[in-house]
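**Student:** here is my input, please return the structure:
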Amino acid sequence: MEVEPGMLGYVQGTADKPGDGQPLGYDKEPNVEDFGLGCFLLAGSEIYQIATPPFANQDESKIPAYTEPSLGLTTAAAWEGSGRAKVYGLFEKNVYGRMPQAAIPVVHRTDVVDTAALDGLAIKKKITLEFLPGDTTAQLHMLLFLPKKVRKAAVFVGYSFVPNDSTEHSTQWPLKEIVGRGYAVAVAWYEEIEPDRLDGWQTGIRTKLAGVLHIEPYEWGAIGAWAWGLERMADDLGTEEGVDTARIVVIGHSRLGKTALWAAANDRRFAMAISNESGEGGAAMGKRDYGETIAIINNYFPWWFAPAYKQWGSNPAEMPFDQYMLLGLIAPRPLYVASAMGDQWSDPKGEFLSAKLAGQVYALYGEKGVGVDSMPGLEHPVGAYIRYHVRSGKHDLTLYDWEQYLDFADGRLGRTRGGGKSR
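**Tutor:** Residues are numbered from 1 along each chain as shown. Have a look, this model is predicted:
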């Protein structure tokens, strides 16, 4: 191959379509999107973006100045009429990719019913959702726990990081405590939708359902696929007599917190959303150079996002959006954002600032946000329709976190503005 001065090499899967390519140089930016389906080859090494991301900054004094984009809010009617769709489009194009609009028939099968689960507190159902007839690899297995003493229960919907049999014993899902408070739980293993690795799209729904959903794998990321799975879980809960479908709460921790936020932005059947330490690409401000950054997260986890998200890694200050605007898409439904002081990688202050700024959208509906200007102390939750806390400890979903979420649901779900599915 003849090499021109300043030329670094070729990126496979770069250009108008994933199969195309182009030469890249260090003296100019690529004029097309990097679809991230190939790799950049140079001196025997493989990397997934042009520049190696810098080390993470965890010094507030070293954060470069930045300006947050304005939403230009006037009234709730104007926001619902055009403002919300514009903001949604920014995240669809630049962060998560588009969501499929095609509806497909999903076969529901109840495999097991245990009427004495959790020491007699709950009815447990093992449910299979089949997305392609006859294909046992295109399905999701959901566990549903219904409190026996509640006729129609509000339900927490989310994913576990471990397979279902292990979830029942996971400290991140304290099922007895949740069901004991009168709530149902619907949970599934997220890797059944798409394995959480670079080539996971090849065996997950982004490939298996590409034809029936009329969307190519590169048009959305794993977070979008996982969010789609949460919507299918919500579909199924609509058939359960023991579930109050006006009170479905979507919850997620870490990357699954990002997923919960995107699912709530897409589907208003989620009457309340909870982000537990979702960090970069979730609740944390993307323009802040603190902890994990856009460049870093796309270096290690490029498959989570739309390919276009990489372009902002080198200059996030130029983004026409930031994550507080994602939180605003959930308004006026109750929203809880939580951090851990021992999880500086997720930028607790950036998560708080995002929750604070999202309050301007809630104000259009006459609802109060976090209600304070500065971060609260440890284990001191604040806020009305947007709730926030930072606790001591590490990156985790703990019983303390759940206790706050259950209290928030107790106080807010009765006043939830119900509604159908809407983008």
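**Student:** hey, where'd the helices end up in the stretch 201-350 of the chain?
**Tutor:** With helices called from DSSP state H, counting those that start in this stretch, the stretch 201-350 of the chain shows them at 205-208, 210-213, 222-237, 255-266, 294-300, 323-328, 348-364.
**Student:** just send the ones you listed back as TSV, with mean pLDDT too.
**Tutor:** TSV is the format used below for those (pLDDT from 0 to 100):
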stretch	mean pLDDT
helix 205-208	98
helix 210-213	98
helix 222-237	98
helix 255-266	98
helix 294-300	96
helix 323-328	98
helix 348-364	98
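**Student:** could you save these as JSON lines and add columns showing mean neighbour count and distance to residue 93?
**Tutor:** Every C-beta, even on glycine, is put in place using the N, C-alpha and C of the backbone. Formatted as JSON lines, the helices of the stretch 201-350 of the chain follow (neighbours: other Cβ atoms under 10 Å; distance: least, Cβ to Cβ, whole Å):
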{"stretch": "helix 205-208", "mean neighbour count": "22", "distance to residue 93": "18"}
{"stretch": "helix 210-213", "mean neighbour count": "16", "distance to residue 93": "19"}
{"stretch": "helix 222-237", "mean neighbour count": "24", "distance to residue 93": "12"}
{"stretch": "helix 255-266", "mean neighbour count": "28", "distance to residue 93": "14"}
{"stretch": "helix 294-300", "mean neighbour count": "20", "distance to residue 93": "15"}
{"stretch": "helix 323-328", "mean neighbour count": "27", "distance to residue 93": "13"}
{"stretch": "helix 348-364", "mean neighbour count": "24", "distance to residue 93": "20"}
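**Student:** now do stretch 125-137, average pLDDT.
**Tutor:** Mean per-residue pLDDT for stretch 125-137: 94.
**Student:** about what we covered before: to residue 276, which of the helices of the stretch 201-350 of the chain lies closest?
**Tutor:** helix 255-266 (5.2 Å; Cβ to Cβ).
**Student:** hey, what's the angle from that closest one to helix 348-364? Just curious.
**Tutor:** Helix 255-266 runs at 10 degrees relative to helix 348-364, counting by axes from the mean of the first three to the mean of the last three Cα atoms, to 10 degrees.
**Student:** just want the angle from helix 255-266 to helix 222-237.
**Tutor:** 60 degrees.
**Student:** how about residues contacting helix 255-266?
**Tutor:** 88, 91, 96, 99, 158-159, 161, 190, 196, 223-224, 226-227, 230-231, 250-252, 270, 273-279, 281-283, 301, 304, 326-327, 329-330, 333, 335, 423 (Cβ atoms under 8 Å, 6 or more residues apart in numbering).
**Student:** which residues touch residue 323?
**Tutor:** Taking Cβ under 8 Å, 6+ apart as the test, what residue 323 contacts is 281-286, 354.
**Student:** ok, now how distant is residue 185 from residue 245?
**Tutor:** 15 Å (Cβ to Cβ, to the nearest Å).
**Student:** neighbour-wise, which of those two wins?
**Tutor:** Set residue 185 next to residue 245 and count neighbours by other Cβ atoms under 10 Å: residue 185 wins out with 25 against 17.
**Student:** and that one, that's in a helix?
**Tutor:** No. Looking at residue 185 with DSSP: H, G, I helix; E, B strand; the rest coil, it is strand, so not inside a helix.
**Student:** disregarding residues adjacent in the polypeptide, which is nearest to it?
**Tutor:** Using Cβ to Cβ, 6 or more residues apart in numbering and skipping residues adjacent in sequence, the residue nearest residue 185 is residue 145, 4.5 Å away.
**Student:** and the next helix or strand past whichever helix or strand residue 146 is part of?
**Tutor:** Secondary structure assigned from DSSP states H and E places residue 146 in strand 139-147. Next helix or strand after strand 139-147 toward the C-terminus (DSSP H and E): strand 153-160.
**Student:** hey, where'd the helices end up in the stretch 51-200 of the chain?
**Tutor:** Using DSSP H, counting those that start in this stretch, helices in the stretch 51-200 of the chain cover 76-78, 84-91, 117-120, 164-167, 175-180.
**Student:** right, so the ones you listed: which one is the most enclosed?
**Tutor:** Highest mean neighbour count among the helices of the stretch 51-200 of the chain (mean count of other Cβ atoms under 10 Å): helix 175-180, with a mean of 19.
**Student:** which residues does it contact?
**Tutor:** 118-119, 121-122, 145, 147, 156, 168, 185, 399, 402-403, 406.
**Student:** give me the buried subset of those.
**Tutor:** 118, 121-122, 145, 147, 156, 168, 185, 402, 406 (16 or more other Cβ atoms under 10 Å).
**Student:** and those, which two are furthest apart?
**Tutor:** Longest span within those, Cβ to Cβ: 168 and 406, 18.8 Å.
**Student:** with adjacent residues omitted, what lies nearest to residue 364?
**Tutor:** residue 76 is the one closest to residue 364 (Cβ to Cβ, 6+ apart), at 4.1 Å.
**Student:** state the distance from the one you found to residue 412.
**Tutor:** From residue 76 to residue 412 the distance is 19 Å (Cβ to Cβ).
**Student:** same check on residue 125?
**Tutor:** 27 Å.
**Student:** quick check: closest non-adjacent residue to residue 104.
**Tutor:** Here the residue nearest residue 104, using Cβ to Cβ, 6+ apart, is residue 212, at 5.1 Å.
**Student:** that neighbour: what's it in contact with?
**Tutor:** Per Cβ under 8 Å, 6+ apart, neighbours of residue 212: 102, 104, 132.
**Student:** re earlier: show me which of the buried ones among the contacts of helix 175-180 is closest to residue 174.
**Tutor:** Nearest to residue 174 among these, with distances taken as Cβ to Cβ, is residue 402, at 5.7 Å.
**Student:** pLDDT wise, what is the spatially closest residue to residue 220 that is not a sequence neighbour at?
**Tutor:** The shortest distance from residue 220 to any non-neighbouring residue, by Cβ to Cβ, 6+ apart, is to residue 97 (3.2 Å). Residue 97 is assigned 98 on the pLDDT scale.
**Student:** right, I'll leave it there.
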